[in-house]
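J.: based on what follows, work out the 3D shape:
(2 chains)
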2 protein chains.
Amino acid sequence: MASLSLQHNTHHFLSRALPSRPKPKPTCVRMSLQQDAPSIAVVGVTGAVGQEFLSVLSDRDFPYSSIKMLASKRSAGRRLTFENNEYVVEELTPESFDGVDIALFSAGGSISKKFGPIAVERGTIVVDNSSAFRMDEKVPLVIPEVNPEAMENIKIGTGKGAIIANPNCSTIICLMAATPLHKKAKVVRMVVSTYQAASGAGAAAMEELELQTREVLEGRPPTCKIFNQQYAFNIFSHNASVLPNGYNEEEMKMVKETRKIWNDKDIKVTATCIRVPVMRAHAESVNLQFESPLDEDTARDILKNAPGVVVIDDRESNHFPTPLEVSNKDDVAVGRIRQDLSLDGNQGLDIFVCGDQIRKGAALNAIQIAEMLL
Amino acid sequence: MASLSLQHNTHHFLSRALPSRPKPKPTCVRMSLQQDAPSIAVVGVTGAVGQEFLSVLSDRDFPYSSIKMLASKRSAGRRLTFENNEYVVEELTPESFDGVDIALFSAGGSISKKFGPIAVERGTIVVDNSSAFRMDEKVPLVIPEVNPEAMENIKIGTGKGAIIANPNCSTIICLMAATPLHKKAKVVRMVVSTYQAASGAGAAAMEELELQTREVLEGRPPTCKIFNQQYAFNIFSHNASVLPNGYNEEEMKMVKETRKIWNDKDIKVTATCIRVPVMRAHAESVNLQFESPLDEDTARDILKNAPGVVVIDDRESNHFPTPLEVSNKDDVAVGRIRQDLSLDGNQGLDIFVCGDQIRKGAALNAIQIAEMLL
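T.: Numbering: from 1, shown residues only, chains lettered A, B, ... in the order given. Got it, this is the predicted structure:
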């Protein structure tokens, strides 16, 4: 278990929504430390996604011969225990990548831009969680369940480095559900409204939401450091910069990444991205317009059989996906599957999707990419 | 000031989000108690909307010769002070309406269904906040800024009773912003996703959200009486019953009421209604598709000049409408006004709308209807 704590007052009902920590496993069944397995590095190991990388690596028994814990100078020297071994967090330098086969990056765009190419030069395959390289034509943007073929030319053990980009959390969660339907009936237009959790802005944002909520309940002014306004008992337009066309960067990621992942420049997407006071899982209301008719029963069957997707769609008991229910879970949940009344001829569907932002929206997807390299 | 308290631990930052109470006004400037003014009754006076009726009547100096405070047997006998006069809450009976010109109803659909026709028989004009009569062809469904003409045949002082229905909160808030654009370019299709506050389910739901939040922060299991699941730090599909077509009743209200209010049976609407942990104001992400082109600058100008609408659309400082900012406010706020990238030829717009659910979504709209009768 990592001795690095995220300093939350964790407890059951809120902690369900907080970043998970790698669970200790009995050494006798743990096969990870293997001589012939790749050497890996985690860049940004002290962050919310970095901690989740460790948790997911452990959960999935990801094989490795060695693992480096990398972070900024500020965090260097901190100790953490991972799978019964003690590690010292090292400062990220160009030399950090010597002998590293796979590096999982989640330390922000500027760190990726600087150290991604350095790692590649040294023969490392980088799986990057930032937006730095997502729209780079030479970099595959991959959701393993959706477009694994995009990275088929990248091989481990050749000594040749490469970058593979992890899509933005909102895009991953949306496309996990939309893609199986797209493959059946071709989506021509998609209208998305998001309900995004604090975790997308990092562990500090989750702490601020918890702190603000306590403050507001005590009648005190809320601390606004990460966000410029009250988050507790409020919602607001996503904090990403707004571009000249009126969309914010988060929304344009959904538009552009969908086109790249589906390899279709004509796909029409509009999105409105909103933060809601939820800890770690995103929800999305997705309206899909198809080229060919698709009825809701066929859609539900397709989704029930889609990898990484679980259908929660019980109309009678009003049980549908919620962010809390998918927190700390791998699968993306889909419900409210219904024929869109505003389009004739079964040409549209409305669905509601929830997925853990830190897990499938970031760490899990990256590690699934790494697994495809093995 | 009403001595009836909603038993909240009110304080500044949360209380901004709680139902307001009628403010005391100096008697010397208060002109309400007027011999020639209508006699009024408030049905459901102890509820969240009932309390807001009093607050709005007072704020707007609504003239009345007498006012009856009506509620269920359970609340009868309670005392409240309103505008420096003491009142005893009376049990609602058929005789309650004798001599009453205007009755403001907010006591649920079954009370409206039973007592609405009784009031009408006794010559009372009922402004009903429930869904009981909204889709009745003989009953006008009115947003005063949108379709005042629908109630032009109903007159006070003729001795003839009538029912006028207040639309559902989500419909009012959406159409306050969409109608001025519809009048310019004709909306052909509307895709709405809502972010709905606790208040729509009544004062008890607001109390439950506050209680649950305290419990979750203290690591205790959340009390789930009003809703069947955790609301604190979570969002979920609206608790209204789900119909065989997969839409819930809240969503179908948006579909059907829009058609009735705009007097256009062909208008295409789809909606996804979601509860978010916010106290008293709703938000809605609205995608509009027009018959004629409408550019975003024209749309912004139209909205700036629309009655009851305020535009908050500052891209540079990322300042857009929030539920907290419109809480206890009369105006509906609109922002994120931008050309929809997914439609060619300026044929679409995305907007984000926030409005106080208890005020413009219920009490204020009803009292504006009553004002049109004067």
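
J.: and residue A:36, how many neighbours does it have?
T.: 6 (other Cβ atoms under 10 Å in any protein chain shown). All C-beta atoms are positioned from the backbone trio N, CA, C, and that covers glycine.

J.: ok, it touching residue A:64?
T.: No: look at residue A:36 against residue A:64 with Cβ atoms under 8 Å: they stay out of range, at 10.6 Å.

J.: distance of residue A:357 from residue B:232?
T.: Separation of residue A:357 from residue B:232 (Cβ to Cβ, to the nearest Å) stands at 18 Å.

J.: more neighbours: which of the two?
T.: Under the criterion of other Cβ under 10 Å, the comparison of residue A:357 against residue B:232 puts residue A:357 first, with 30 against 25.

J.: residue contacts, that one?
T.: Taking Cβ atoms under 8 Å, 6 or more residues apart in numbering or on different chains as the criterion, residue A:357 is in contact with A:169, A:173, A:196, A:197, A:199, A:200, A:280, A:281, A:282.

J.: go ahead and confirm the fourth one touches residue A:279.
T.: What it means is residue A:197. Yes: assessed by Cβ under 8 Å, residue A:197 is found in contact with residue A:279 at 5.8 Å.

J.: got any residues that touch both of the two?
T.: With Cβ under 8 Å, 6+ apart, residue A:197 and residue A:279 have common neighbours residue A:323.

J.: neighbour count: these two, which is higher?
T.: residue A:197 (30 against 25).

J.: check what pLDDT the closest residue to the more buried one other than its chain neighbours gets.
T.: Nearest-residue entry for residue A:197: residue A:278, 4.4 Å, with adjacent residues in sequence omitted and distances by Cβ to Cβ, 6 or more residues apart in numbering or on different chains. Among the per-residue scores, residue A:278 holds a pLDDT of 98.

J.: past the lengthiest helix in chain A, which element shows up next along the chain?
T.: If you go by DSSP state H, chain A has its longest helix at helix A:169-185. Along the chain past helix A:169-185, the next helix or strand (assigned with DSSP states H and E) turns out to be strand A:187-195.

J.: that following strand to strand B:187-195, inter-axis angle?
T.: 40 degrees (axes from the mean of the first three to the mean of the last three Cα atoms, to 10 degrees).

J.: what distance separates strand A:187-195 from the centre of its chain?
T.: For strand A:187-195, the gap between its own C-alpha mean and the chain's C-alpha mean amounts to 18 Å (Cα atoms, centre = their mean, to the nearest Å).

J.: ditto for stretch A:138-145
T.: Per Cα atoms, centre = their mean, the displacement of stretch A:138-145 from the mean C-alpha position of its chain is 13 Å.

J.: that stretch: end-to-end distance?
T.: With Cα to Cα, to the nearest Å applied, stretch A:138-145 spans 20 Å between its terminal residues.

J.: which helix or strand contains residue A:365?
T.: For residue A:365, the host element (DSSP H and E) is helix A:364-373.

J.: measure how far that helix is from the centre of its chain, please.
T.: What separates the centre of helix A:364-373 from the centre of its chain is 12 Å, taken as Cα atoms, centre = their mean.

J.: neighbour-wise, give me the winner out of the contacts of residue A:357.
T.: Sorting the contacts of residue A:357 by how many neighbours each has (other Cβ under 10 Å) puts residue A:281 first, at 34 neighbours.

J.: for that residue, which non-adjacent residue is spatially closest?
T.: Once its chain neighbours are removed from consideration, residue A:281 has its nearest residue in residue A:323; the separation is 3.6 Å (Cβ to Cβ, 6+ apart).

J.: count of residues packed around the one you found?
T.: By the measure other Cβ under 10 Å, the count of residues near residue A:323 is 26.

J.: what of residue A:296?
T.: Summarising burial for residue A:296: neighbours were counted as other Cβ under 10 Å, giving 18.

J.: what do you get for the one 3 residues further on?
T.: Under the neighbour criterion other Cβ under 10 Å, residue A:299 is assigned a count of 25.

J.: break chain A into its domains for me.
T.: Here the domain parsing of chain A from automatic domain parsing is A:12-132, A:170-357.

J.: out of those domains, nearest to residue B:184?
T.: The stretch from the domains of chain A with the least distance to residue B:184 (Cβ to Cβ) is domain A:170-357; that distance is 18.5 Å.

J.: quick one: end-to-end distance for the closest one.
T.: Termini of domain A:170-357 sit 8 Å apart (Cα to Cα).

J.: what does stretch A:76-91 give?
T.: The straight-line separation of the ends of stretch A:76-91 (Cα to Cα) is 5 Å.

J.: I figured residue A:248 hits residue A:255, correct?
T.: No: when contacts are counted by Cβ under 8 Å, residue A:248 is not listed as touching residue A:255 (11.1 Å).

J.: chain center to the longest helix of chain A: distance?
T.: The gap between where helix A:169-185 is centred and where its chain is centred comes out at 14 Å by Cα atoms, centre = their mean.

J.: name the helices or strands packed onto it?
T.: When contacts are defined as 3 or more Cβ pairs under 8 Å, 6 or more residues apart in numbering or on different chains; DSSP states H and E, helix A:169-185 sits against strand A:187-195, helix A:249-261, strand A:281-290, helix A:296-304, strand A:309-311, strand A:332-339, strand A:348-356.

J.: what would these look like in JSON lines with distance to residue B:216 and mean pLDDT?
T.: Formatted as JSON lines, the entries for these read as follows, by distance: least, Cβ to Cβ, whole Å; pLDDT from 0 to 100:
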{"stretch": "strand A:187-195", "distance to residue B:216": "18", "mean pLDDT": "98"}
{"stretch": "helix A:249-261", "distance to residue B:216": "27", "mean pLDDT": "98"}
{"stretch": "strand A:281-290", "distance to residue B:216": "15", "mean pLDDT": "98"}
{"stretch": "helix A:296-304", "distance to residue B:216": "31", "mean pLDDT": "98"}
{"stretch": "strand A:309-311", "distance to residue B:216": "24", "mean pLDDT": "98"}
{"stretch": "strand A:332-339", "distance to residue B:216": "21", "mean pLDDT": "98"}
{"stretch": "strand A:348-356", "distance to residue B:216": "18", "mean pLDDT": "98"}
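
J.: I am finished for the moment; much appreciated.
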